[in-house]
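Enquirer: model the following, please.
(2 chains)
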Amino acid sequence: MSQHSTFRKLVTHDDDFIGMVAYTIYKNEKLNWIDRFTSQAGREPTYSEIQTSFNVNTDSDQKVQQYLGLAETKLNSFIDQTVAVELEQYKKEILNTFADPKIQTLIDTKLKQSLVRALTPIISTEVNKVNTVAQNIETKVNPINGLLHGLKPTFWGGVWQNLAATAVTAIIVTFVSTGFWFYKFMQTEKNKDNLINEVKKEYGLTDEEWNKAVEIAKSKKNNPA
Amino acid sequence: MAISLDTIRRANDNLMRGRSVRDADLPDSVKRQILERRYSAEEINAAYARSLTRDKK
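Expert: Reported below is the predicted structural model:
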């Protein structure tokens, strides 16, 4: 089979990229075979030797499918590597971008703005809750304030209150002073009685003799002559 | 996604050195996604045809 025939079997149309890669695999395999032959025989193989030894079954459907399958596998490996290398490059660029102080400042600013945006509704809700509680307290306190306001004296009320307070104070002072005086008086009387009893006891006087002595003293006081 | 010639060179170099996609400096989930995606012969040929059309324009 000629090389031309193999190419036609592997590459079926102009856009058959897999076929083209498959043909390079076939060609590589053929060159390797020629190298091995040359190495072993000490000379290059003839066209006839290539056709009878290497190209025995390269045009079979099984061999063609094998070349096409290998091409598909190799191209997928190449695509995988290309995507990986490209993504690694993107990753480096992104990391370098984030390392830039200007970008970091921008990110910080954006983060702060996002934080403020996120927190504002939460803070507003909490502030509203506090305001509601404050209003509730005010609602409960207002009637008490009204009561206290009602108890607040007017000018004349204040005058009367002061007068009443003064009167109560005077009464208390008088009562205490009187009580104190009465207490002293009782103490004095008690002491006088004790003294009389001691005199009576000292001189051995009876109550009758004492009363008589008192009358004599009173009459002498009334009639000094 | 436009692939640069430098990327293709490095990908080819990795292939020749036998470097696997698993060795790439990428998250495991990304590497797994890359390896799980298989392109059929038809998809590859269609992409090649598109690139030829794009180049002609």
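
Enquirer: in what helix or strand does the nearest residue to residue A:16 once chain neighbours are set aside lie?
Expert: Spatial nearest neighbour of residue A:16, excluding adjacent residues (C-beta to C-beta, 6 or more residues apart in numbering or on different chains): residue B:45 at 5.8 Å. Where C-beta positions appear, they are placed from N, C-alpha and C, glycine not excepted. Following DSSP states H and E, one finds residue B:45 within helix B:41-56.

Enquirer: residues from chain B in reach of chain A?
Expert: Residues of chain B lying close to chain A (C-beta under 8 Å from any C-beta of the partner chain) are B:1, B:3, B:7-8, B:10-12, B:14-15, B:19, B:21, B:24-26, B:30-31, B:34-35, B:38-41, B:44-46, B:48-49, B:52.

Enquirer: pull the residues that contact the helix or strand of chain B with the lowest mean pLDDT.
Expert: Scoring the helices and strands of chain B by mean pLDDT, DSSP states H and E places helix B:41-56 at the bottom, with a mean of 89. The contact list for helix B:41-56 (C-beta atoms under 8 Å, 6 or more residues apart in numbering or on different chains) reads A:15, A:16, A:17, A:18, A:68, A:71, A:72, A:75, A:79, B:39.

Enquirer: out of those, who's nearest residue A:109?
Expert: Comparing these against residue A:109 with C-beta to C-beta places residue A:79 closest, at 40.1 Å.

Enquirer: that closest one is in contact with residue B:39, isn't it?
Expert: Yes: here residue A:79 reaches residue B:39: they are 6.1 Å apart, a contact under C-beta atoms under 8 Å.

Enquirer: and those two? Which one has more around it.
Expert: The neighbour comparison of residue A:79 against residue B:39 (other C-beta atoms under 10 Å in any protein chain shown) goes to residue A:79, with 19 against 16.

Enquirer: where does pLDDT dip in chain A?
Expert: Applying pLDDT under 70 to chain A flags the ranges A:1-4, A:152-153, A:225.

Enquirer: show me what from it comes close to chain B.
Expert: Neighbours of chain B within chain A, by C-beta under 8 Å from any C-beta: A:15-18, A:68, A:71-72, A:75-89, A:91.

Enquirer: so of the residues of chain B next to chain A, which ones are in strands?
Expert: Among the residues of chain B next to chain A, no member is found in strands (DSSP state E).

Enquirer: list only buried entries from these.
Expert: Buried by 16 or more other C-beta atoms under 10 Å in any protein chain shown: B:7, B:10-11, B:14-15, B:19, B:21, B:24, B:26, B:31, B:34, B:39, B:41, B:44-45, B:48, out of the residues of chain B next to chain A.

Enquirer: how close does residue B:45 get to residue A:31?
Expert: Note on residue B:45: its distance to residue A:31, by C-beta to C-beta, to the nearest Å, is 25 Å.

Enquirer: hang on, I meant residue A:116
Expert: Taking C-beta to C-beta, one finds residue A:116 at 69 Å from residue A:31.

Enquirer: the closest residue to residue A:97 other than its chain neighbours: how many residues sit nearby?
Expert: Distances taken as C-beta to C-beta, 6+ apart place residue A:103 nearest to residue A:97, at 5.5 Å, with adjacent residues excluded. A total of 12 residues lie near residue A:103 under the criterion other C-beta under 10 Å.

Enquirer: element containing residue A:175, please.
Expert: Following DSSP H and E, the helix or strand that holds residue A:175 is helix A:155-203.

Enquirer: against which helices or strands is the longest helix along chain A packed?
Expert: Counting residues, the longest helix in chain A under DSSP state H turns out to be helix A:101-151. Packing partners of helix A:101-151 (3 or more C-beta pairs under 8 Å, 6 or more residues apart in numbering or on different chains; DSSP states H and E): helix A:61-99.

Enquirer: okay, now residue A:47: neighbour count?
Expert: Neighbours around residue A:47, by other C-beta under 10 Å: 9.
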